[in-house]
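Chemist: sequence and predicted model, in that order:
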There are 2 protein chains.
Amino acid sequence: MVSLEEVARRANVSTATVSRALSGRGRISDATRERVRDAADAMGYVVSASASSLASGRTQNIGVLVPLLDKWFFAMVLSGIANHLAPRGYDITLYNVTDDPEQRRRLFSSSLRRRRVDGLVALSVDLDADDVAHLQDLGLPVVGLGAPGPGLAALRVDDVAVARTATEHLLELGHREIAHIGLDKEAGDEHDIPTLRTRGFEATLAEAGLEPAGFEPADFTIDEGHRAARKLLQGERRPTAIFAASDELAFGALFAARELGLDVPRDLSIVGVDGHEMSEFFGLTTVAQFPHDQGERAGDAILALVETGSLPDDASLPDDASLPFELIVRTTTGPAPR
Amino acid sequence: MVSLEEVARRANVSTATVSRALSGRGRISDATRERVRDAADAMGYVVSASASSLASGRTQNIGVLVPLLDKWFFAMVLSGIANHLAPRGYDITLYNVTDDPEQRRRLFSSSLRRRRVDGLVALSVDLDADDVAHLQDLGLPVVGLGAPGPGLAALRVDDVAVARTATEHLLELGHREIAHIGLDKEAGDEHDIPTLRTRGFEATLAEAGLEPAGFEPADFTIDEGHRAARKLLQGERRPTAIFAASDELAFGALFAARELGLDVPRDLSIVGVDGHEMSEFFGLTTVAQFPHDQGERAGDAILALVETGSLPDDASLPDDASLPFELIVRTTTGPAPR
DNA sequence: CTGAAAGCGCTTACAG
DNA sequence: CTGAAAGCGCTTACAG
């Protein structure tokens, strides 16, 4: 591999000058810069990441904390982040946050502390207070997306409003017996996304003088949506509509309805949240959010913090719940049966 | 951040000894090792990635070349790789290979040459000969998974056998009019996965004295499967069965069949490939492969190469098409209509 | 605008 | 088994 020094020799300048010419930092004459760049190109010189990092303190690398990589939503977000960072010369290193306490310990007390990244994007990884403290100890800029953990400001959609939008849509169609499938959280987790959706749902019903026709807790998977919907639909108070807190839950509910011989939307309306790539094929009415764009936004935000050299103290964005969402009405919702 | 030197002072040894105690390289007495580790733990010392890399030439980081991050299959593979590497102290940096020539140029001539990784895993990213040459120039161990590009040995399933399995299943059910949806590749791309599947399909039919009842090229998306299936089903020679080269294509075909009022499997049988998480819900008969496990295997393979310090020349695994697959018969395939 | 030199924080032959 | 010292390949005040 070609070193800085070889380029310097070839261009007849000092290594300092090569560094300046290639990095764009510090003053340098146009003529010299060009000569150096030509030499570097001709020799195929590329700076060594570790040497550059060690000397400068900058890594040109952003860490991304992700939960299950196998969920469509997070894959889309990651894709958006990558799309934004790659053209700007930043690499991405992936930190998979699992539920395994041992892995988490290693992640927070070791992996993240090797100073491999200039900043972090934390997706909705459900960190506990301890984890958040560890994160903040890193002294790195952090941008949250969704609801990474208590006390971490983040870019978010307004999930109460999302739930309200979905619920109002059902109310307008005349539904009065509306059930909900969401995540069961211990009380008090005020900023948790599923909790906010449940709250928006309940508040909207309450304003209409109604009570939920049922609530069934479920993880955000098709399987669980299926199970939960079966339970709701076979209960004594059969809902005419279900608000599922994610599209994957809604897909599961659709399969359950089909199995039970219910026609959607004649017998049952279903609305989800996300705008999953498959929702169109199911004709699913959903409140779409735009994870790829969210990823790009997060990428933009972390670079802004990193490149202004914000101090850790002011390095977290203000909590910003203004990410866009949009009700997309398709064929899984219709007028309430009379 | 605590430095090696501070740990050395606290433990009353030289920095060399601390390095040895913490890295496990070189001889050291048990007593000293323990004393140093205690000091390091107490001070919360973690080695600096860039300093360690610069001095040792090892990065403890593996690069993964991925195509579209938004495909279920690749997200699963990535998840498997991460699962294998994290517990072994390796980070993952992600290199998103897009179709944009400018991004590709930057990736191969710059990003990958910064010496940020000890080895690379290349998923099916459809590299051209030039890209492969660039990859090999890196002097790094590379493990391919699927069919990353011409001339790159890889861990693979035997895709001809996969197609044969699916096709024989349809033949055994009495189907004689079988169409195929796959990727249209220019001729000659011998190692390309879709091409191998098409070949396996055609060979199996030929052995039974049959010709395909149609072929419709399509990208591996639901949308495209939908479009392709509509075209096949509305053609003059309507097939009684479709072999789709991926589950996503098969999902699209299912939607198309439903739209056209065809009952599956009474009027039409459909078989896919992958074992997608949603295939069970669709009742899709499929030849499952196991992308998460494949990721783990690839992670294992690249670490083996990295840690034995294999020279670049012998650093590619022999082409190994022995990854497991399995026919899963569900309800989208049935006896041919008479 | 340019260069000489110190320094970033480790690792590892080498010597003892 | 342990330490002194060179060196990994850059960047950046400092001086001119």
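Modeler: Cool, got the structure. Numbers count the residues shown, from 1 in each chain, chains lettered A, B, ... in the order given.
Chemist: which pLDDT value goes with the closest residue to DNA strand C within the stretch 151-300 of chain A?
Modeler: Nearest residue of the stretch 151-300 of chain A to DNA strand C: A:L152, at 27.1 Å (CB to the nearest atom of the strand). C-betas here are computed from N, CA, C, even on glycine. pLDDT recorded at A:L152 is 83.
Chemist: equivalent analysis for the one 4 residues further on, please.
Modeler: The pLDDT attached to A:R156 in the predicted structure is 92.
Chemist: again, but for A:T195
Modeler: 88.
Chemist: what's the domain layout of chain A?
Modeler: When chain A is parsed with automatic domain parsing, its domains come out as A:4-47, A:61-155+A:291-320, A:157-290.
Chemist: which residues touch the residue of the stretch 151-300 of chain A closest to DNA strand C?
Modeler: Contact analysis of A:L152 by CB atoms under 8 Å, 6 or more residues apart in numbering or on different chains lists A:122, A:127, A:132, A:135, A:142, A:144, A:316.
Chemist: residues in contact with the first one?
Modeler: This means A:A122. A:64-65, A:135, A:142-145, A:148-149, A:152, A:154.
Chemist: any regions of the stretch 101-250 of chain A where pLDDT drops low?
Modeler: By pLDDT under 70, the weakly predicted segments of the stretch 101-250 of chain A are A:185-190.
Chemist: okay if I get the contacts of A:L152 as a markdown table plus secondary structure?
Modeler: Shown next, in a markdown table, are the contacts of A:L152 (DSSP: H, G, I helix; E, B strand; the rest coil):
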| residue | secondary structure |
| --- | --- |
| A:A122 | strand |
| A:L127 | coil |
| A:V132 | helix |
| A:L135 | helix |
| A:V142 | strand |
| A:G144 | strand |
| A:S316 | strand |
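Chemist: which among these gets closest to DNA strand D?
Modeler: Nearest to DNA strand D, judged by CB to the nearest atom of the strand, of those is A:V142 at 22.4 Å.
Chemist: partner residues bridging that closest one?
Modeler: A:L120, A:S316 (DSSP bridges).
Chemist: my guess is it contacts A:L135. True?
Modeler: Yes: here A:V142 reaches A:L135: they are 6.0 Å apart, a contact under CB atoms under 8 Å.
Chemist: identify the contacts common to these two.
Modeler: A:120, A:122, A:152.
Chemist: turn those residues into CSV, columns for distance to B:R106.
Modeler: Below are these laid out as CSV (distance: CB to CB, whole Å):
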residue, distance to B:R106
A:L120, 24
A:A122, 27
A:L152, 32
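Chemist: for these, which one is nearest chain B?
Modeler: Of all these, chain B sits closest to A:L120, with 13.1 Å by CB to the nearest CB.
Chemist: which stretches in chain A count as strands?
Modeler: Applying DSSP state E to chain A gives strands spanning A:61-66, A:91-96, A:119-122, A:142-145, A:154-157, A:178-182, A:215-217, A:241-244, A:269-274, A:285-288, A:320-323, A:326-328.
Chemist: for A:R197, see how far away A:P265 is.
Modeler: Separation of A:P265 from A:R197 (CB to CB, to the nearest Å) stands at 21 Å.
Chemist: who's more crowded, the two?
Modeler: Legend: neighbour count by other CB atoms under 10 Å in any protein chain shown for A:P265 and A:R197, higher for A:R197 (27 against 23).
Chemist: residue numbers of chain A in contact with DNA strand D?
Modeler: For chain A, the contact set with DNA strand D under CB under 7 Å from any atom of the strand comprises A:1, A:3-5, A:15-16, A:18-20, A:22-23, A:25-26, A:45, A:47-48, A:51-52, A:54-58.
Chemist: redo that, cut-off 10 Å
Modeler: Neighbours of DNA strand D within chain A, by CB under 10 Å from any atom of the strand: A:1-8, A:14-27, A:45-58, A:60.
Chemist: which ChimeraX command selects the buried ones in those residues?
Modeler: For the buried members of those, the matching ChimeraX selection, counting by 16 or more other CB atoms under 10 Å in any protein chain shown, is:
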select /A:4,6,7,8,17,18,19,20,21,22,45,46,47,48,49,50,51,52,53,54,60
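Chemist: near chain B, from the residues of chain A next to DNA strand D?
Modeler: Residues of the residues of chain A next to DNA strand D in contact with chain B (CB under 8 Å from any CB of the partner chain): A:1, A:46-51, A:53-54.
Chemist: any chance of those residues in JSON lines with pLDDT as columns?
Modeler: Listed next are those as JSON lines, based on pLDDT from 0 to 100:
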{"residue": "A:M1", "pLDDT": "79"}
{"residue": "A:V46", "pLDDT": "95"}
{"residue": "A:V47", "pLDDT": "96"}
{"residue": "A:S48", "pLDDT": "96"}
{"residue": "A:A49", "pLDDT": "96"}
{"residue": "A:S50", "pLDDT": "96"}
{"residue": "A:A51", "pLDDT": "96"}
{"residue": "A:S53", "pLDDT": "96"}
{"residue": "A:L54", "pLDDT": "96"}
